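1. Show me the folded form of this:
(2 chains)
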Amino acid sequence: MADIPQSIDEVSRLLADHRYIADRSLAVSVYLGLRLSRPLFLEGEAGVGKTEVAKVLAAGLQRHLIRLQCYEGLDVNHAVYEWNYARQILHIRLAEARGGSATPQDTEREIFGPEFLIKRPLLQAIENSDAQPAVLLIDEIDRADEEFEAFLLELLSDFSVTVPEIGTFTATRPPIVVLTSNRTREVHDALKRRCLYHWIEYPDLAREAQITEAKVPGISRALAREAAAFVASLRTEPLYKQPGVAETIDWAAALVALGTTTLDEAVAAETIGALLKYQEDVKKIRQSGLQSRVGDAKRAALA
Amino acid sequence: MIGFPLLGRNLIVFGRLLRRFGLGAQPDRIVLFAQTLAQVGFASREDVRYAGRCVFVRTPDEQRRFDAAFDAFWSSAAQSRGPDERADAADRAPGRPAPSPAQEGTANTGARPRQPETTSHAGGPATDIRDASLVRDGDRSFTYSFAEALGEKDFTRLSPSELELAHELQRHKQLDFGRRESRRLKPGSGGVFDARRTLRESLRQFGEPIDLRTRTRVLTQRDVVLLCDISGSMDRYSRLLLQFIHALRRSIGKVEAFVFGTRLTRITKAIQRRDVNEALDEVAASVADWGGGTRIGESLREFNLVWARRVLARGAIVIIISDGWDRGDVGLLASEMQRLQRMSYRLVWLNPLLGGRNYRPQTIGMRAALPFIDDFLPAHNLKSLTQLVVALRSVNRRRPARAQTRVLEDVS
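-> Model (predicted):
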């Protein structure tokens, strides 16, 4: 079990060791989140590496990663706990078959015991904390509805959950919490206030090239820079969906798989689907002249 | 904190400065900021900035404002000594930065200083006259404003009749824009099997599940997105419509509102004010192209690019309120309408001119947009607005059949 980093530089190193190239501001946020035991609220466009932060933290600190993927209608039964009904019914039938003299009250007490409880991510995260607090990733909170947000607000303030039939579970040491949001909905202020907020920007060319190099095995430094420069130029266009860092990495991997050593118009035209996900966007970029864009990207990569 | 006797005072001054920049800097935030400072130290100014961002920022737009405030604080700190002077200096300093239109679609609704903008947009009087010749409708009062007057509207108090109207709208508490099935479940008949309740109740019969319990979907209010034209030709309706938007917001809650003339401005935050006069004042203050020309295509494009994925995620109803007098690119208008229709559950177009007896949608813009509209309805008075509500209620759950021709006559 690794200890909590003692400085911002250590956080940067820890992330970099797991091939996450973070800028300084993100390192500061992560450091503060860890030191002050505050949940970290990460917002940014799709594919800038929000979820990855939690994964890398878990790996770097050698903690369990407990992930809760949010969706509309997510309720306590899926986020916190659920009873194992099949086993409960089986248990009742067995008790009957044995012809025991149990009263309904006894049976109820038995089947609502801990061994029939299915622990969902939030309860796992709270219970787990006796040994080493886990990393709890609450992914895409903007997809959950307001009702769940309100519940989460309560949970994040005291890290305890009550199961009426059993009692209250309280975390002795709160887990490291990372929330992510794509901003498809404005998350309520109250929830953000419980957290340290961080907006992840698209990385600049140098850092994106670094990330690509770290993430795509077998890519040359020159090609990584060219790819990053090309994507950076796409992001200046008014596109319905801008390519994220995740797309850059996919695309660079595609280039490597095709045996590309240096970017040219033909290969860019063949693989543009890895970057642009809307037909309108592809059309617009094709019409705007792929050749000159590739040329510009190569010049920018050398600069 | 420890060893920095001035820090406490400086923090308070900094908090005051942040509030002046429209950021929430409540005492609990200041305390949290002090805690973060104890962690990051003072070795690097940038680290202090990043720590401050974690604490005071909640949107990307606020981040820009925070950075401006932070820079102002340090630059004035360099000039003066005492913290009080520093705050004064900040007062004199640039004040709130006016965000560029690109940022957040000018989502900043804080009372931005009014800028006497004189920059005219592409399209001088000559182009206007050429465009105007394309228009065949007779009613002169609806013609374009020939110069895009970016001057401000005096938009202060409501006249008595308008107040009456506002009250009338307020009384329509039952405004209902249709509901959608959320994915949340509640106990109810039909729907999915509820193992939890069935088992629990079966215990009364020694584990014999006699009554099967089920859960059904919760119905929630559909999100409503309003895009209201505030160009010169819509002048006489703008106030009424903004009041309508305000009333909608007050009664159904989930409303995202934008206004557009030649550019798009988000007014969701402004119309959240309880008082209708204050809300309208704030809208007027945040809009730069009031009563000017219209570029519907460009405005919709901006909406589609910047906002659509954000506010149309949950099957929203989109309502465009415009007379369709457009002097932008018609091809662009059609393609953006097509995209908008595909992304919205229902695309409604309210046209004030539709109230007129002889109206036919013959403006170039309106004709380009028409194939992509699900409901084309009048919006010239209160009655027509309530008609809208009735129309939408009747279509509650069904998605409109698309690619059909619209019959205009049946709506009036």
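2. Give me the residues contacting stretch A:234-245.
-> Defining contact as CB atoms under 8 Å, 6 or more residues apart in numbering or on different chains, one finds that stretch A:234-245 is touched by A:45-49, A:202-203, A:208, A:211, A:231, A:251, A:275-278, A:280-281, A:284-285, A:288, B:301, B:304-305, B:309, B:339. In this view, the C-beta of every residue, glycine as well, is placed from N, C-alpha and C.
3. out of those residues, which are buried?
-> The neighbour-count test (16 or more other CB atoms under 10 Å in any protein chain shown) applied to the contacts of stretch A:234-245 identifies A:45-49, A:202-203, A:208, A:211, A:231, A:251, A:275-276, A:281, A:285, B:301, B:304-305, B:309, B:339 as buried.
4. the domain parsing of chain A - what is it?
-> What automatic domain parsing lists as the domains of chain A is A:8-74+A:120-200, A:81-115, A:205-295.
5. touching chain B at all, the shortest one?
-> In this case it means domain A:81-115. Yes. Residues of domain A:81-115 contacting chain B under CB under 8 Å from any CB of the partner chain: A:82, A:83, A:85, A:88, A:89, A:92, A:93, A:96, A:104, A:107, A:108.
6. In those residues, find the pair that's most separated.
-> Farthest-apart pair in the residues of domain A:81-115 next to chain B is A:82 and A:96; separation 24.0 Å (CB to CB).
7. When the two are compared, which one has more neighbours?
-> Neighbours per residue, other CB atoms under 10 Å in any protein chain shown: of residue A:82 and residue A:96, the larger number sits with residue A:82, 18 against 14.
8. what's whichever strand or helix holds the more buried one packed up against?
-> Taking DSSP states H and E as the criterion, residue A:82 maps to strand A:81-83. Secondary structure elements in contact with strand A:81-83, counted by 3 or more CB pairs under 8 Å, 6 or more residues apart in numbering or on different chains; DSSP states H and E, are strand A:117-119, helix B:195-202.
9. Comparing the ones you listed, which yields the minimum mean pLDDT?
-> Across the helices and strands packed on strand A:81-83, helix B:195-202 has the smallest mean pLDDT, namely a mean of 82.
10. after it, next one along is what?
-> strand B:214-221.
11. For chain B, tell me whether stretch A:283-298 is touching it.
-> No. Using CB under 8 Å from any CB, stretch A:283-298 stays clear of chain B, with a minimum separation of 10.9 Å.
12. Need the contact partners of that stretch.
-> The contact list for stretch A:283-298 (CB under 8 Å, 6+ apart) reads A:226, A:229-230, A:232-234, A:237, A:239, A:262-265, A:268-269, A:272, A:276.
13. go with 10 Å
-> The contact list for stretch A:283-298, computed with CB atoms under 10 Å, 6 or more residues apart in numbering or on different chains, reads A:205, A:222, A:225-234, A:237-240, A:262-269, A:272, A:275-276, A:278.
14. just for the stretch 201-350 of chain B, where's the confidence low?
-> Counting by pLDDT under 70, the stretch 201-350 of chain B has low-confidence residues at B:206-207.
15. typo on my end, chain A
-> In chain A (pLDDT under 70), the answer is A:1-2, A:100-102, A:128-130.
16. For the residue nearest the centre of it, what are phi and psi?
-> For chain A, residue A:51 is the residue whose C-alpha lies nearest the centre (CA atoms, centre = their mean; 1.9 Å). The phi/psi pair for residue A:51 (degrees, to the nearest 10) reads phi -60, psi -40.
17. To what extent is the closest residue to chain B within chain A buried, counted in neighbours?
-> Closest approach between chain A and chain B, counting by CB to the nearest CB: residue A:73, at 2.9 Å. Neighbour count of residue A:73, defined by other CB under 10 Å: 18.
18. Let me know the secondary structure of the nearest residue to it once chain neighbours are set aside.
-> Excluding its sequence neighbours, the residue lying closest to residue A:73 (CB to CB, 6 or more residues apart in numbering or on different chains) is residue B:183, at 2.9 Å. Applying DSSP: H, G, I helix; E, B strand; the rest coil to residue B:183 yields a three-state assignment of strand.
19. Same question for residue A:29.
-> Of the three states, residue A:29 takes helix according to three-state DSSP.
20. neighbours around the closest residue to it other than its chain neighbours, how many?
-> Of all residues not flanking residue A:29 in the chain, residue A:198 sits nearest, at 4.1 Å (CB to CB, 6+ apart). Residue A:198 is flanked by 25 other residues according to other CB under 10 Å.
21. Over to residue A:171?
-> Residue A:171, neighbours per other CB under 10 Å, totals 20.
22. returning to what we had before: am I right that the residue of chain A closest to chain B is in contact with residue B:182?
-> Yes. At 6.1 Å, residue A:73 and residue B:182 qualify as touching, with contact defined as CB atoms under 10 Å.
23. shared neighbours of those two, which are they?
-> Common neighbours of residue A:73 and residue B:182 (CB under 10 Å, 6+ apart) are A:145, A:147, B:217, B:218.
24. Compute the number of surrounding residues for the one residue in the stretch 51-200 of chain B that gets nearest to chain A.
-> For the stretch 51-200 of chain B and chain A, the shortest gap (CB to the nearest CB) falls at residue B:183, measuring 2.9 Å. If you count neighbours by other CB under 10 Å, residue B:183 ends up with 14.
25. Many thanks, I have nothing further to ask.
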